[in-house]
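J.: what follows is a predicted protein model with its sequence.
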Amino acid sequence: MNKKGTINRDYIKSYSASYTNNILDTAFKEGPYLQGNALKKLCNPEQINYNLLKAIFLQWEAEVNKLQNPYFDHSAPAVQNALKTYMEVLSRHINLDKGSLRPLLQQAVEETLYQVFCPLYFFENFLWPPEIGSLMLDEITKLKRFVRINQAFLKELIAQWKEEDKTEIELSEYSSGLQRLSIQWDQKWEPTDDYETAFSKVVALHPQTIWKPEIEPRSEGAKQIPNNVNQQFTREVVSLNDTLQKEHITLADQLNKKVEHVDNIKRSLNINQKFRFVNELYGGNSNEFNQVLEKIDQCKNYGEAIKTLDDNSSLRSEWNMETPAVKELIDLVSKRFSESGPAFGEHPFSTK
C-alpha cells in the first residue's frame, strides 16, 4: 500500500483538522466534558480512538515516571501494586474538555491516516519516540494493544527479535528490521476501501491526494504544474490575462461589462450552491464554510477577501482552479466587491 511519490502532509494535516472539528461539534453538544467510555466510541474507524487513548496513556505514564524519587523504593511489590491500582481507578475517570481533546484527537486522526494509507511510514515514525537511541522490547510490545490496523505486521516485527532473545532494540536494528519485513509485506497491507468509506462519512476523503505523484523530468518548454493553491491563483492571473489578450478583450471592455452585485455572499447562496461548496471545497465542514463567508463579507475590498478565503480554508491546498465549484465561489466574491474591487477578470489572487 506504500505508493510511489511524496506524502502530502499538508493534505493529511488539513483533512485531520476538518475531521476533528466535525467530530467535536457533534460530541460536545450534550455537555462540556467527555468521559473515557465516550472516547472509546468517539470515531469510526476505531483506530482513531485507540490512537487517542495511546496518546493519553503515554502522557500519563510520563507524568507517573516523574514521581520517581531516590529516597523511596519504587520497585517494592507493595508500591507497584498500589500504583497499578491507582492507575486502573484513574483510567476509569478520564475527563476531557473540548480544548484539551482537540490537539489529541487531531493527532490521532493524522496518525490513523498514515496507518491506513502510508503504513510503512507509520511504523517508521510513530512507534519510536524521537531522539531515542534504543528501546526495551517490552516498551514496543506494550504499544501493540493500541494498533488495530496492520497489527499482524507489528506482531511479526516483534517476533523476529523475540526469536533472537533480544530485550533491547537499537534504532538501527529497528529500522533494518522494518525494511527487511516490508519487502515481504508489500502485498499484505490491509485494504483501504472500508477505511476510506468510514472517514468520508464525516468529511469527504480523497485518498489520491494523500500521495503527490513523482515529478516527471520536464521537457524544454513544458508548463510547470503548480503544487499549491497560491501558485494556482498566480497561474490563473497569467492564464486569464493571456486569454483576454488572445480574445482581444480590452480593459475598457471589462470595466464597461455589467457585473451583478452581491451585497452578502452568505445570504445570496441557494441550498444547492451551499451544499456543493461545503462538500466539494470544505470536506463537509459547514461550520468552517460559514465562518469563512462571514469573514469575507466583512472585508473592505476584493484583494482582502481573496486573501481571507486563501488563509482560512483548511483544504485550500486541495483546490483546483479549473473546477466549477472553485470558479463559482471566486465569481461570487468578485460580485460581492464589484463596486470597490477590480474589474472582473483582473483578480489579484493571493501570492503569499
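T.: Thanks, I have the structure now. Residues are numbered from 1 along each chain as shown.
J.: what's the helix or strand for Lys300?
T.: Assigned by DSSP states H and E, Lys300 belongs to neither a helix nor a strand.
J.: next up, phi/psi of it, please.
T.: The phi and psi values for Lys300, taken as degrees, to the nearest 10, are phi -90, psi -30.
J.: do you know how far it is from Leu58?
T.: Distance check for Lys300 against Leu58: by C-beta to C-beta, to the nearest Å, it reads 47 Å. Backbone N, C-alpha and C define where each C-beta goes, glycine included.
J.: repeat for His261
T.: 56 Å.
J.: so which residues of the stretch 201-350 of the chain form helices?
T.: In the stretch 201-350 of the chain, helices defined by DSSP state H, counting those that start in this stretch lie at 229-246, 251-256, 265-268, 271-281, 286-297, 302-311, 324-336, listed in chain order.
J.: now do the contacts for Leu34.
T.: Contact criterion C-beta atoms under 8 Å, 6 or more residues apart in numbering gives 27-28, 42, 95-96, 101 as the residues in contact with Leu34.
J.: sec struct for it, please.
T.: Per DSSP: H, G, I helix; E, B strand; the rest coil, the local secondary structure of Leu34 is strand.
J.: how near is it to Leu120?
T.: Leu34 is 33 Å from Leu120, where distance means C-beta to C-beta.
J.: Gln47 too?
T.: 16 Å.
J.: for Gly31, grab phi and psi.
T.: phi 170, psi 170.
J.: coming back round to it: between Gln47 and Leu120, which is the more surrounded one?
T.: Set side by side, Gln47 and Leu120 show more neighbours around Gln47, with 24 against 19, by other C-beta atoms under 10 Å.
J.: could you export stretch 27-43 as CSV, CA atoms only?
T.: What follows is stretch 27-43, C-alpha atoms only, in CSV (Å, rounded to 0.1, in the frame of the first residue of the first chain):
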residue,chain,number,x,y,z
ALA,A,27,-19.5,15.1,20.6
PHE,A,28,-19.9,18.2,22.8
LYS,A,29,-23.5,19.0,22.1
GLU,A,30,-24.7,17.5,25.3
GLY,A,31,-22.1,18.8,27.8
PRO,A,32,-18.7,20.4,28.3
TYR,A,33,-16.8,17.2,29.1
LEU,A,34,-16.2,13.7,27.6
GLN,A,35,-15.5,10.7,29.8
GLY,A,36,-13.3,7.6,28.9
ASN,A,37,-16.2,5.5,27.7
ALA,A,38,-17.3,8.1,25.2
LEU,A,39,-13.7,8.3,23.9
LYS,A,40,-13.7,4.6,23.1
LYS,A,41,-16.7,5.1,20.8
LEU,A,42,-15.9,8.6,19.5
CYS,A,43,-14.8,7.8,15.9
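J.: buried residues, it. List them.
T.: For stretch 27-43, a neighbour-count test (16 or more other C-beta atoms under 10 Å) marks 27, 34, 39, 42-43 as buried.
J.: out of the residues you listed, what pair is the most spread apart?
T.: Across the buried residues of stretch 27-43, no pair lies farther apart than Leu34 and Cys43, at 11.9 Å, counting by C-beta to C-beta.
J.: pull out the buried residues from stretch 103-118.
T.: Along stretch 103-118, these residues count as buried under the neighbour rule (16+ other C-beta under 10 Å): 104-118.
J.: in strands, which of those appear?
T.: Within those, no residue falls in strands by DSSP state E.
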